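Engineer: Okay, here's the prediction I keep looking at, along with the sequence it came from:
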Amino acid sequence: MPPENIELVHRAYRAWNEHDVDGWLACATPDIEWRLIGGFADLMGAEFKGHEGMRRFFDEWIENLGGRVETESILEDDDRVVSILHVIAAGSASGAPVTIRAGQIISFRDGLISAVDSYYDAGEALAAIGLSEGDVHAKSS
């Protein structure tokens with residue numbers, strides 16, 4: 001995998017943390033597909049397509065949860081990247097803090113992010129590509 005893809009993922013996470021939707025979209029293909037798997041999918045919908053869909057997703061996420069992501073690890077898996085993240089947010093109505101250990105499987109096309117499968121549970125993201133928690137620790141060392 002080109003090292004540019006890993007840097008692209010870091011750039012996208014920086015834009016996310018700055019609530020910079022245009023900066024995030026600059027990292028994505030025009031036909032980006034973002035799929036929520038588990039957790040928030042019931043609340044927000046399971047799939048967002050294209051830049052317009054991503055704008056709706058960002059607006060809703062920022063309005064309801066705000067927050068940021070911290071990268072625990074990023075692993076290469078053939079032509080994809082698997083990110084294990086800590087999503088740190090707070091409910092807008094309650095102010096209740098929440099931290100989730102989530103996972104994302106990120107695909108690329110033409111040097112941009114073309115799809116994100118965003119799992120509420122990091123273990124489920126790892127299992128989806130045939131990895132385990134032990135693999136994360138072994139590859140991160």
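Structural biologist: Done, it's in.
Engineer: Pull the distance from the strand of greatest length in the chain to the chain's centre.
Structural biologist: The residue-count maximum for a strand in the chain (DSSP state E) belongs to strand 97-109. A distance of 4 Å separates the centroid of the chain from that of strand 97-109, by Cα atoms, centre = their mean, to the nearest Å.
Engineer: buried residues in that strand?
Structural biologist: The neighbour-count check on strand 97-109 (16 or more other Cβ atoms under 10 Å) flags Ile100, Ala102, Gly103, Gln104, Ile105, Ile106, Ser107, Phe108 as buried. Backbone N, C-alpha and C define where each C-beta goes, glycine included.
Engineer: and what of stretch 25-37?
Structural biologist: Those would be Leu25, Cys27, Ala28, Thr29, Ile32, Glu33, Trp34, Arg35, Leu36, Ile37, for stretch 25-37 by 16+ other Cβ under 10 Å.
Engineer: Please identify the one among those that lies nearest to Phe57.
Structural biologist: Trp34 (6.1 Å; Cβ to Cβ).
Engineer: ok, now which ones touch Ser118?
Structural biologist: Trp34, Arg35, Leu36, Ile37, Ala102, Gly103, Gln104 (Cβ atoms under 8 Å, 6 or more residues apart in numbering).
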